[in-house]
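Colleague: Okay, structure incoming, though there's no sequence with it:
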C-alpha cells in the first residue's frame, strides 16, 4: 500500500457497529450562506441526535488554536492533497482564494452509505449539487437561510476590510441563496433555539 493510500484509509471515520442501520446510509448535507449559523446548529443537533457521524472536510489550511486533527477538519499538506486528487479520493474539491484546498472524502462516504451508517456535513451549494447527482437516493439536503438577506450582507461586509474580499463574500451570499429552492428542507435561522429544534426533528425523522 502506498503512503497516499495509507493516508486515505486513515481518514475513513471509525464507525461503530451499534450505529449501523438495516438500510443504506443517509448523507445529510447542510448548506447556507456564510454567517448564517450552520456550524452552531450542527453542533447543537449532533449533541441531541445519536448515531450520526460528522464528516469533516479535508483541507490544507493551517490548523488553528483549539483545533485538532479531525475537528473541525482533517489537515493535510498540499502535496498530500494533490496526491489524493490524482487517486480520485475526493467526491468534490476546490481551491479557494487563499490558495488552500478543501475536499470531501469519497471513500468515507461510500463506506458509510454502503454499510448503513448515517453521516452529516456542511457543504457549499455547488458541492451539494454534485453529491445529490452522485448519490440521489441517499442525500437529505437541508438549507439554513437567514431571516433577512440584507442584514446578512451587511454583517459580512462589516467583517472584512478588504473591499475585494467583501465583494466576493457578497457574491457568494447571492449564489448560495439562489440554490435554496433545490433543497429538500429549509430552516430559517431567526431564533437559534427554534432552528436547532427543527434541525433535530429533521434528523430524527430520517435516521431511524
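Modeller: Everything's here; your move. Quantities reported herein were computed from a predicted structural model and do not represent experimental measurements. Numbers count the residues shown, from 1 in each chain.
Colleague: Check what pLDDT the residue nearest the centre of the chain gets.
Modeller: Ranked by distance to the mean C-alpha position of the chain (Cα atoms, centre = their mean), the top residue is residue 122 at 2.2 Å. With respect to pLDDT, residue 122 scores 91.
Colleague: Next up, the contacts around it.
Modeller: Residues near residue 122 by Cβ atoms under 8 Å, 6 or more residues apart in numbering: 29, 30, 31, 38, 39, 42. All C-beta spots, glycine's among them, are computed from the backbone N, C-alpha and C.
Colleague: what's around residue 189, how many residues?
Modeller: 21 (other Cβ atoms under 10 Å).
Colleague: Just give me the neighbour total for the closest residue to residue 49 other than its chain neighbours.
Modeller: Spatial nearest neighbour of residue 49, excluding adjacent residues (Cβ to Cβ, 6 or more residues apart in numbering): residue 203 at 4.6 Å. Here the count is done by other Cβ under 10 Å, and residue 203 has 21 residues near it.
Colleague: For residue 203, which three-state class applies?
Modeller: helix (DSSP: H, G, I helix; E, B strand; the rest coil).
Colleague: Give me the distance between it and residue 138.
Modeller: Separation of residue 203 from residue 138 (Cβ to Cβ, to the nearest Å) stands at 14 Å.
Colleague: Kindly report the same for residue 108.
Modeller: For residue 108, the distance to residue 138 - Cβ to Cβ - is 13 Å.
Colleague: the more surrounded of those two?
Modeller: Shown here are residue 108 and residue 138; by other Cβ under 10 Å, residue 108 has more neighbours (24 against 19).
Colleague: any idea which helix or strand carries the more buried one?
Modeller: helix 106-114 (DSSP states H and E).
Colleague: list the helices and strands that helix packs on?
Modeller: Judged by 3 or more Cβ pairs under 8 Å, 6 or more residues apart in numbering; DSSP states H and E, helix 106-114 is in contact with strand 27-31, strand 90-95, strand 118-122.
Colleague: so which of the ones you listed gets nearest residue 189?
Modeller: Nearest of the helices and strands packed on helix 106-114 to residue 189, taken as Cβ to Cβ: strand 27-31 at 11.0 Å.
Colleague: Give me the sheet partners of that closest one and which way each runs.
Modeller: strand 118-122 (parallel), strand 139-145 (parallel) (DSSP bridges).
Colleague: Same list, those, but as JSON lines with distance to residue 169 please.
Modeller: Formatted as JSON lines, these follow (distance: least, Cβ to Cβ, whole Å):
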{"stretch": "strand 118-122", "distance to residue 169": "17"}
{"stretch": "strand 139-145", "distance to residue 169": "17"}
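Colleague: Where does pLDDT dip in this structure?
Modeller: The model of the chain has pLDDT under 70 over residues 1-11, 159-160.
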